[in-house]
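> one predicted model, sequence on top.
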Amino acid sequence: MELVHPGKTIIGFVGIGKMGTPMSRHLRRGDFTVVGFDTDPAAVERVSADGVQAAESLADLAQRSDVVITMVPSSDVVEKVVFGEGGLAENMAAGKLLIDMSSSYPRRTADVAARLAEKNIHMVGAPVSGGVVGAEAATLAIMPGGPKEIVDAAMPIFDILGGNIVHISEEVESGHAMKCVNNYLSATGLLSSMEAMAFAAKLGLDPEKVLNVVNSGSGRNSATADKWPRFLLPRDFTCGFSTGLMHKDLTMAFDLAREMGSTMFILNQVRQIYGLGESRYGANSDQTVLLEMIEEWVGQTVGQPLGKGPGSNGR
């Protein structure tokens with residue numbers, strides 16, 4: 001496959017949402033011609049001032065593009081976009097490339113790639129980590145899976161969007177397997193940090209001092225280093241990743257573990273807590289709002305005086 005070239009290659013971007021909006025803007029600023037499509041036309045309109053062109057349909061986008069990126073919520077949506085009536089598969093020419101940057105189920109990614117290969121359409125699974133903040137800063141961790149020749153050809157795209165690109169393996173689905181592992185660790189670190197910080201507050205410890213010590217020691221993780229200072233201590237629950245999407249990703253990891261015959265108690269606990277949070281706050285709630293639920297269980301709100309947390313008897 002030919003190397004992707006800024007100024008020459010036309011990129012179709014499907015899914016102009018929280019992540020797709022800054023990503024499509026960065027690609028346009030990187031001198032790619034970008035054609036966007038979303039089920040919400042207003043989403044594409046918001047990036048038109050940045051030079052992103054609107055496609056009338058998926059068929060229109062596929063016919064105009066050399067490379068198509070999908071950034072959608074799930075494998076269900078990927079398969080509908082690719083194989084649904086008027087979808088990408090029946091309108092992309094042989095030799096073109098589909099890059100699925102969604103959080104998709106690995107086994108289904110492999111199936112999509114196999115079906116596209118029958119039409120001589122290339123595919124790379126390249127999910128990302130870093131959330132909206134990383135997308136806006138173009139510092140996403142990108143984990144492409146697929147033949148090295150194809151991944152290398154697409155590298156100019158990845159270089160614009162991310163700060164750390166790791167080719168996972170020659171298997172197209174390997175990047176999505178890696179994403180399951182990453183998000184499991186991310187969610188676990190977030191929940192454990194919430195419980196630990198609420199517990200520290202109940203012990204009468206100053207939260208800023210707790211973070212200072214933890215982030216200089218062995219307890220540090222991405223939640224304590226980033227989400228706590230930026231979103232949780234100020235109680236600004238807007239990190240940009242929803243409770244429902246993380247619950248979906250954890251369920252994918254759980255299903256993968258079951259397929260592999262692996263027993264993963266901690267994963268299931270974390271998945272269940274996110275499921276409870278989704279039922280309580282809604283699928284579209286920001287995952288950082290789960291702090292309120294954890295605080296209720298511990299009986300102490302971080303940042304409030306000792307004994308003034310939810311459910312406290314004041315003693």
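Alright, I've got the coordinates. Numbers count the residues shown, from 1 in each chain.
> pLDDT below threshold where in the stretch 201-315 of the chain?
Scanning the stretch 201-315 of the chain for pLDDT under 70 picks out 304-315.
> so where do the helices sit in the stretch 151-300 of the chain?
Along the stretch 151-300 of the chain, the stretches classed as helices by DSSP state H, counting those that start in this stretch are 174-202, 207-214, 222, 243-260, 265-281, 290-298.
> so can I have a markdown table of those showing distance to S74?
Where you see a C-beta, it was placed from the backbone N, CA and C, and this is true even at glycine. Converted to a markdown table, the helices of the stretch 151-300 of the chain look like this (distance: least, C-beta to C-beta, whole Å):
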| stretch | distance to S74 |
| --- | --- |
| helix 174-202 | 11 |
| helix 207-214 | 34 |
| helix 222 | 23 |
| helix 243-260 | 6 |
| helix 265-281 | 14 |
| helix 290-298 | 21 |
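> ok, which of these comes nearest T39?
Nearest to T39, of all these, is helix 243-260, at 16.6 Å by C-beta to C-beta.
> show me the contacts for S242.
Counting by C-beta atoms under 8 Å, 6 or more residues apart in numbering, S242 makes contact with 283-287.
> and if we set it to 6 Å?
N284 (C-beta atoms under 6 Å, 6 or more residues apart in numbering).
> which residues does it bridge with?
As for beta bridges, S242 partners with D286 under DSSP bridges.
> G261 versus that one, what's the distance?
Applying C-beta to C-beta, to the nearest Å, the value for S242 to G261 is 31 Å.
> got the domain ranges for this structure?
Residue ranges for the domains of the chain, per automatic domain parsing: 10-172, 177-298.
> what's the spacing between the longest one and its chain's center?
Using C-alpha atoms, centre = their mean, to the nearest Å, we find the averaged C-alpha position of domain 10-172 to lie 13 Å away from the chain's own average C-alpha position.
> try the last one
Domain 177-298 has its C-alpha centroid displaced from the chain centroid by 15 Å (C-alpha atoms, centre = their mean).
> between the two ends of it, how far is it?
End-to-end distance for domain 177-298: 34 Å, by C-alpha to C-alpha, to the nearest Å.
> need the winner for burial among the helices of the stretch 151-300 of the chain.
Most buried of the helices of the stretch 151-300 of the chain by mean neighbour count (mean count of other C-beta atoms under 10 Å) is helix 174-202; its value is a mean of 21.
> by contact count, what packs against it?
helix 106-117, helix 243-260, helix 265-281, helix 290-298 (3 or more C-beta pairs under 6 Å, 6 or more residues apart in numbering; DSSP states H and E).
> R107 is in contact with H176, correct?
No - counting by C-beta atoms under 6 Å, H176 does not reach R107; the two are 9.0 Å apart.
> on that earlier part again, need the helices and strands packed on helix 174-202 in CSV (columns: distance to M194).
Listed next are the helices and strands packed on helix 174-202 as CSV, based on distance: least, C-beta to C-beta, whole Å:
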stretch, distance to M194
helix 106-117, 29
helix 243-260, 13
helix 265-281, 10
helix 290-298, 4
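> which of the ones you listed sits closest to A49?
A49 lies closest to helix 243-260 among those, at 27.5 Å (C-beta to C-beta).
> residues in contact with the closest one: which ones?
Outside helix 243-260, the residues that touch it by C-beta under 6 Å, 6+ apart are 103, 105, 180, 183-184, 187, 264, 267, 271, 274-275, 277-278, 283, 285, 287.
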